[in-house]
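One predicted model, sequence on top.
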Amino acid sequence: MGSEGPAPAVTVHVTGFKKFHGVAENPTETIVNNLRAYMNKRGLPKGLILGSCTILETAGHGALVPLYQTLQSAVSKDANVPNSGRVIWVHFGVNSGATRFAIEQQAVNEATFRCPDEMGWKPQRVPIVPADGGISRVRETPLPVEEIAKTLAKMGYEVTTSDDAGRFVCNYVYYHSLRFAEQNGIKSLFVHVPLFLTIDEEIQMQFAASLLEILASID
């Protein structure tokens, strides 16, 4: 019963995506919509606060305003909380061809959409943030991606690290989130998940919960 206060909690805000071309049911929409109830049932680990759980439009430029409203809401809320500790954004996206989970190390300043997004935008070799320079600019998460993946693998999950989040909406959102996080002293992580046909919903819910528990334990 020492007098030192509890360590600052980690607040994790989570996003998933709606359906998009070729994926009628996006597993990340289900994961994020059910995550709060799942975590409450499982028991939130010490030091973890589950913040907002938001479903994003699967769109780039046309969905920027709600994306930034979502990102900003985490910062303004936490600014009013004393000892609010650390804030991490976790973005879940689907890779329909994947057979395992992928923890994404970085995003590239390039939008090259293989098909139009849900608002009809189909950019080719366009810089996501022109002020950042050309399309080869990379932003990396400061979170220990290798360590996170190794810990998840030890827990029995099929998981890998990745340095290529594609050039579609997932990479687009991750790039903006990493840039926003750096500017606001918070952190961001993107995780690609397979379809439920490949890894079933229950295991994917367990994976999401395990990931949050790991993030709460990282110094």
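Happy to help now that I have it.

Please count neighbours and contacts with C-alpha atoms only from this point.
Fine.

Return, as residue ranges, the portions of this structure with sub-threshold pLDDT.
Across the chain, the stretches falling below the confidence threshold (pLDDT under 70) are 1-7, 76-85, 219.

One more pass at 80, please.
By pLDDT under 80, the weakly predicted segments of the chain are 1-8, 21, 76-85, 219.

Would you map the strands across it?
Assigned strands in the chain, in chain order: 10-17, 48-56, 86-94, 101-104, 106-108, 138-140, 159-162, 187-193 (criterion: DSSP state E).

Just put the ones you listed in JSON lines and tack on distance to residue 175 and mean neighbour count.
Listed next are the strands of the chain as JSON lines, based on distance: least, C-alpha to C-alpha, whole Å; neighbours: other C-alpha atoms under 10 Å:
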{"stretch": "strand 10-17", "distance to residue 175": "14", "mean neighbour count": "24"}
{"stretch": "strand 48-56", "distance to residue 175": "15", "mean neighbour count": "18"}
{"stretch": "strand 86-94", "distance to residue 175": "11", "mean neighbour count": "23"}
{"stretch": "strand 101-104", "distance to residue 175": "11", "mean neighbour count": "23"}
{"stretch": "strand 106-108", "distance to residue 175": "5", "mean neighbour count": "24"}
{"stretch": "strand 138-140", "distance to residue 175": "7", "mean neighbour count": "16"}
{"stretch": "strand 159-162", "distance to residue 175": "15", "mean neighbour count": "18"}
{"stretch": "strand 187-193", "distance to residue 175": "10", "mean neighbour count": "25"}
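
Okay, residue 112 and residue 188: tell me how far apart.
According to C-alpha to C-alpha, to the nearest Å, residue 112 stands 22 Å off from residue 188.

With residue 162 instead?
Computed as C-alpha to C-alpha, the residue 162 to residue 188 distance reads 15 Å.

what residues are up against the closest residue to residue 162 other than its chain neighbours?
With C-alpha to C-alpha, 6 or more residues apart in numbering as the measure, residue 104 is the residue that lies nearest to residue 162, at 4.9 Å, once sequence neighbours are left out. Under the criterion of C-alpha atoms under 8 Å, 6 or more residues apart in numbering, the neighbours of residue 104 are 145, 161, 162, 163, 164, 165, 189, 190, 191, 192.
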